[in-house]
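1. Here's a sequence, model it:
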Amino acid sequence: MESENIIQNCIDHEIHFHFSKSGGHGGQNINKRNTKAELYFNIHDSQYLTPEQKQRLIDLAWEMIHHHEGILIMTCQEERYQHANKKKVLHHFNQLLTQACREPKERISTHIPRAEREARIMDKKFTSKTKQLRKNPREEE
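-> The predicted structure is shown next:
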């Protein structure tokens with residue numbers, strides 16, 4: 001429940017929206033009205049995220065971070081209406097923050113089962129046999 005509070009505080013206090021005209025083909029509302037929604041979130045200045053969460057967010061969304069100051073910009077221009085694009089970009093931002101707030105699980109190394117090792121050896125032998133059959137018999141002489 002803690003991560004939900006963090007996400008809600010970030011959404012309420014730290015994001016900013018900018019609306020502009022969408023590009024591409026169209027002509028109904030998409031090119032004539034400001035329907036494209038852009039969400040701006042400054043990662044480094046966030047008061048609600050811990051440094052670990054900020055780093056995970058940067059690692060997850062590195063291609064959407066456009067400035068060296070750590071400003072995350074998410075856009076949506078798929079829908080015809082501004083409120084639909086805003087809702088969609090908020091949903092994506094919520095998913096991204098949820099993933100960043102989740103602690104990664106530690107990997108516990110396990111041994112390889114004997115049946116799996118034997119199956120791998122059998123597969124290697126089969127591949128070796130197949131490659132030997134491809135050889136030209138004159139080369140062996």
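2. Which positions within stretch 71-84 qualify as buried?
-> Ile71, Leu72, Met74, Thr75, Cys76, Gln77, Glu79, Gln82 (16 or more other C-beta atoms under 10 Å). For the C-beta atoms, the positions are set from N, CA and C on the backbone; glycine is no exception.
3. what's the spacing between it and its chain's center?
-> Distance of stretch 71-84 from its chain centroid, counting by C-alpha atoms, centre = their mean, to the nearest Å, is 17 Å.
4. Equivalent analysis for stretch 75-85, please.
-> 20 Å.
5. remind me which residues of the protein are low pLDDT?
-> 1, 24-31, 139-141 (pLDDT under 70).
6. So which residues of it form strands?
-> With DSSP state E, the ranges of strands along the chain come out as 15-20, 36-42, 71-76.
7. Turn the ones you listed into a markdown table, columns for distance to Cys101.
-> Below are the strands of the chain laid out as a markdown table (distance: least, C-beta to C-beta, whole Å):
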| stretch | distance to Cys101 |
| --- | --- |
| strand 15-20 | 15 |
| strand 36-42 | 14 |
| strand 71-76 | 15 |
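8. which among the buried residues of stretch 71-84 gets closest to Cys10?
-> Nearest to Cys10 among the buried residues of stretch 71-84: Leu72, at 10.7 Å, using C-beta to C-beta.
9. Next up, the contacts around the closest one.
-> Going by C-beta atoms under 8 Å, 6 or more residues apart in numbering, Leu72 touches Leu39, Tyr40, Phe41, Asn42, Ile43, Leu57, Ala61, Met64, Ile65.
10. The third one: how many residues sit nearby?
-> Number of residues near Phe41 (other C-beta atoms under 10 Å) recorded here: 24.
11. what does the second one give?
-> Summarising burial for Tyr40: neighbours were counted as other C-beta under 10 Å, giving 14.
12. do you know how far Pro101 is from Tyr40?
-> No Pro there; residue 101 is Cys. 20 Å (C-beta to C-beta, to the nearest Å).
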